[in-house]
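# sharing a model that was predicted from the sequence below.
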Amino acid sequence: MLWPQAVKDRIKTGDDRELVQSYPYRSACPSTVWGELVEAATDEIFLSGYTNYFFWTQVPQFAEMLKRKAGQGCRVRFLLGDPRGEVTSQREAIEDVALTVSTRIRITLEHLDRLGPIEGVEARYSSAEDAVSHVSLSVFRFDDEALVTPHLARLVGHDSPMLHLRRHGSSGMFARFADHAEELWSHAQSIG
């Protein structure tokens, strides 16, 4: 036997090797992880959370990082829920918190407005038909790494679990979640 069972039990050899880390809550992920992923991205930053508002407070100098990344040729995309949409209203009633879903989306929109038009930075609203799929799963992609949050029934995003994934092929978990976000993006409407 080349590898003792104790070693085999600790080495990821199957599909789970894409799983870098899991967190019982999105809020348990250190802000340094978010900042390092944004900083390390060279080609693609795709933030397809329904509100994305926490980036502006969780990642130090986030706006400056985005400007710099876009200036270096990194594509930056924000996929947001429509703050006036029916699914947004339904989610607000379910969450029943003071910082409403539409307010959190508007926080992101305000920060994007402050950035001004920057080549390489784009924002869209998910389509009404895709809003339920969007509000239930956040995919935050940074080149070949992603942080994915499946939203649990009545919880706010920061109280839902999160997976840190790293691509190891074309058909693993990373690709499936990335494809989900791309599908939502392909039907999304530009924010006017």
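Now that the structure is in, tell me what you want to look at. Numbering: from 1, shown residues only.
# which residue is the nearest non-sequential neighbour of residue 191?
residue 123 (4.8 Å; C-beta to C-beta, 6 or more residues apart in numbering). C-betas here are computed from N, CA, C, even on glycine.
# same deal with residue 183?
Excluding its sequence neighbours, the residue lying closest to residue 183 (C-beta to C-beta, 6+ apart) is residue 130, at 7.8 Å.
# so, low pLDDT: which residues of the chain?
Across the chain, residues meeting the criterion (pLDDT under 70) sit at 1-16, 192.
# OK, contacts around the residue nearest to residue 191?
For residue 123, the contact set (C-beta atoms under 8 Å, 6 or more residues apart in numbering) comprises 77, 78, 79, 80, 109, 112, 190, 191.
# the first one: which element?
Here residue 77 is covered by strand 75-80, with elements defined by DSSP states H and E.
# so which elements touch that strand?
Contacting strand 75-80 under the criterion 3 or more C-beta pairs under 8 Å, 6 or more residues apart in numbering; DSSP states H and E are the following elements: strand 44-48, helix 62-71, helix 101-115, strand 121-125, helix 173-187.
# that older thread, bridged to the residue nearest to residue 191, which residues?
residue 78 (DSSP bridges).
# can you give the contact residues for stretch 94-112?
50-53, 55-56, 63, 78, 80-84, 88-89, 91-92, 121, 123, 135, 153-156, 191.
# which residues touch the residue nearest to residue 25 when sequence neighbours are not counted?
Leaving aside its chain neighbours, residue 25 sits nearest to residue 159 (5.7 Å; criterion: C-beta to C-beta, 6+ apart). Shown in contact with residue 159 (C-beta under 8 Å, 6+ apart): 25, 26, 27, 152.
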